[in-house]
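[1] What follows is a protein structure lacking sequence information:
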C-alpha cells in the first residue's frame, strides 16, 4: 500500500494534468483525497513543494531512460528508445510543460536545476552523437556546432510539443506521443548515413 506522501503526489499529478496548475490548490488536493488540509500540510507545507517533488520525480524517471542504451541493439536504437521514453514521461507529467514558463518564473530551485540539467543532457547527447559518427550511423559534421544545434532544436521541440498538441487539438492522449515522437525523431534523418537510414527504417517497422 502506498504511503500518504506518495498518494498526495499521485493525486496532485492527476489534478495538475487534468485541470491545470492555476486551478489546483492544496485544499483541492486534500478534498480530492478525503483528508484534512492539515494532514496534507504535514507532508507538504506549500504547493510549490509538491510541484518540486513531481519535477524531480520526472527527472529521476528520465535519468533511468539513459540506462536503456546498454540494452539496445545499437546506439541508434538507444537514441530512439531514450527519445520515446522521455516523451512518455513528459506526457505523464504534462502539467509541467503546459505551465512551463510560469513554473520557471516562480520556482528558482526548479529553474536553476533545469538550466544545469539541459547542459548535462547536451553532454550526454553529444556523447551519443559522437558514438553514432564513430559507428558509421551519422555523417561527420559539416557546419560549426551542427550537432549541438541539432540537440538544441530537438530539446526545444521536446519541451513544447505538448503545448503544440493541446493548442492544435484542444486535448491530447497517449496516441499523441507516437505522432510527435515521429516528428521529433525525424530531426536526425538528414544526418544519417546509408547505414543509419537502414537502421532508422528497421526501427519504424518494429
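    Right, received. Where do you want to start? Everything numeric in this text was worked out from a predicted model, so none of it was measured.
[2] going forward, measure contacts between C-alpha atoms and count neighbours the same way
    OK.
[3] any idea how far the residue nearest the centre of the chain lies from residue 151?
    Note on the chain: the residue nearest the mean C-alpha position is residue 90, at 3.7 Å, using Cα atoms, centre = their mean. Relative to residue 151, residue 90 is positioned 17 Å away (Cα to Cα, to the nearest Å).
[4] go on, residue 203?
    Applying Cα to Cα to residue 203 and residue 151 gives a distance of 20 Å.
[5] Which one of the two is surrounded by more residues?
    Shown here are residue 203 and residue 151; by other Cα atoms under 10 Å, residue 151 has more neighbours (20 against 13).
[6] Now the longest helix along the chain: buried residues?
    Taking DSSP state H as the assignment, the helix of the chain that covers the most residues is helix 108-134. When burial is assessed from 16 or more other Cα atoms under 10 Å, helix 108-134 yields the following buried residues: 110, 111, 114, 122, 125, 126, 128, 129, 130, 132, 133.
[7] which residues touch the first one?
    Taking Cα atoms under 8 Å, 6 or more residues apart in numbering as the criterion, residue 110 is in contact with 52, 55, 103, 104.
[8] From the residues you listed, keep the buried residues only.
    Of all these considered here, the ones buried according to neighbour count by 16+ other Cα under 10 Å are residue 103.
[9] between the contacts of residue 110, which is nearest residue 156?
    Proximity to residue 156 was ranked across those by Cα to Cα; first place goes to residue 104, at 14.9 Å.
[10] in the chain, which spans are helices?
    Counting by DSSP H, the chain forms helices over residues 4-19, 26-33, 37-43, 47-65, 75-92, 94-98, 100-106, 108-134, 146-169, 174-185, 194-204, given from the N-terminal end onward.
[11] closest to residue 140 out of those?
    Distances from residue 140 to each of the helices of the chain were compared by Cα to Cα, and the smallest falls on helix 108-134, at 6.2 Å.
[12] pLDDT averaged over the closest one, what's the number?
    Across helix 108-134, the average pLDDT comes to 95.
[13] do stretch 55-72 as well
    The predicted model gives stretch 55-72 an average pLDDT of 79.
[14] ditto for stretch 14-24
    What stretch 14-24 shows for mean pLDDT is 96.
[15] mind checking the end-to-end distance for it?
    Between the opening and closing residues of stretch 14-24 there is a gap of 10 Å (Cα to Cα).
[16] next one: that stretch to chain centre, how far?
    Taking Cα atoms, centre = their mean, to the nearest Å, one finds stretch 14-24 lying 18 Å from the centre of the chain it belongs to.
[17] Tell me the buried residues in it?
    For stretch 14-24, the neighbour count (16+ other Cα under 10 Å) marks 14, 15, 16, 17, 20, 21, 24 as buried.
[18] any idea which of the residues you listed is closest to residue 158?
    Out of the buried residues of stretch 14-24, the one with the shortest distance to residue 158 is residue 17. That distance is 17.3 Å, counting by Cα to Cα.
[19] so the closest one makes contact with residue 91?
    No - the pair residue 17 and residue 91 fails to qualify as a contact (Cα atoms under 8 Å) at a distance of 9.1 Å.
[20] per the record, what domains does this structure have?
    1-45, 55-204 (automatic domain parsing).
[21] From residue 64, how far out is the residue nearest to the centre of the chain?
    Counting by Cα to Cα - residue 90 and residue 64 are separated by 14 Å.
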